[in-house]
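Peer 1: Here's my sequence, what's the structure:
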Amino acid sequence: MVDEVIRTVRNVAQTEVMPRFLRVGKTRKDDGSLFTEADLGCQQALQRDLPLILPLPVLGEEMTREEQDALWAANPDGLWVVDPIDGTTNFVNGLPYFAISVALMVNGISELGVIYNPVADEMFYARRGKGAYLNGNRLPLKTTRNSMGDAIAAVEIKYLRSGKLAARMNSVAPFGSQRSMGSSTLDWCFLAAGRYDLYLHGGQRLWDYAAGAVILEEAGGRIASLNTDDYWTDTLWKRSVIAALDPELFGHWHRWVRANQ
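Peer 2: A predicted model of the protein is given here:
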């Protein structure tokens, strides 16, 4: 099934997304976020094709909140969760850091995740219990561990609800350097690959974390949220994340974030 999802995502990227790269206009949704016809075309194609692989409904970012709520409530035993283009701002401005994300979720937990950056042709994927991969190579790609002082952290400051935590992140954070690239789904993948060491985000939507979280877990990473150490039980529609690839670094990172909330 993973292979079928990969083929579907790659085909949708080739037919609906990349032909519109640098050639599409943008509008803004009610929440202020960007939206393009590429987002809609990609989502519609995934809604058509994913149920052919496994006959479950598709919950997508470009639906109304009422539609999303109804789908989630009616399908606890399984549904597809998709982000047609994560990193739309990057997409419309020509920055090659965006992705298509697909997850299969059962009883609130992701069982399969596929995330594809079509510009780099990097396909990240995982099935729970079967490991995580990038283009056929087992994740993580990097086996040596940075010390905390050398660690690279992906941090999205603007979503941190605590003024104290955001301020401390900018002044006395324990890591070596910080990145914020504008695509949550790829942040998860870069962490799983070992390109990043640490991750902190104050509030992701379901489609931002659904595929990436299982990819990181299958790569051996550890996850908690700002509210609870049981990540999969936290708030569904807006969930924070504290994560690291290496368990020892996760312990140090988790303790520091908790102490500075």
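
Peer 1: Give me the sheet partners of the host helix or strand of residue 102 and which way each runs.
Peer 2: Assigning secondary structure by DSSP states H and E places residue 102 in strand 99-106. In the sheet, strand 99-106 lines up against strand 79-86 (antiparallel), strand 109-117 (antiparallel) (DSSP bridges).

Peer 1: among the ones you listed, which is the most enclosed?
Peer 2: strand 79-86 (a mean of 27; mean count of other C-beta atoms under 10 Å). Just so you know, the C-beta spots here come from the backbone N, C-alpha and C atoms, and that holds for glycine as well.

Peer 1: buried set for whichever helix or strand comes after it?
Peer 2: Going down the chain from strand 79-86, the next helix or strand is helix 88-93, by DSSP H and E. In terms of neighbour count (16 or more other C-beta atoms under 10 Å), helix 88-93 has its buried residues at 88, 90-92.

Peer 1: export those to TSV and tack on pLDDT and distance to residue 6?
Peer 2: Below are the buried residues of helix 88-93 laid out as TSV (pLDDT from 0 to 100; distance: C-beta to C-beta, whole Å):
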residue	pLDDT	distance to residue 6
88	91	22
90	93	22
91	93	21
92	89	26
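
Peer 1: Among those, which one sits closest to residue 124?
Peer 2: In terms of C-beta to C-beta, no member of those lies closer to residue 124 than residue 90, at 16.9 Å.

Peer 1: Go ahead and confirm the closest one touches residue 183.
Peer 2: Yes - using C-beta atoms under 8 Å, residue 90 makes contact with residue 183 at a distance of 6.3 Å.

Peer 1: who touches both of those two?
Peer 2: In terms of C-beta atoms under 8 Å, 6 or more residues apart in numbering, residue 90 and residue 183 are both contacted by the residues 97-98.
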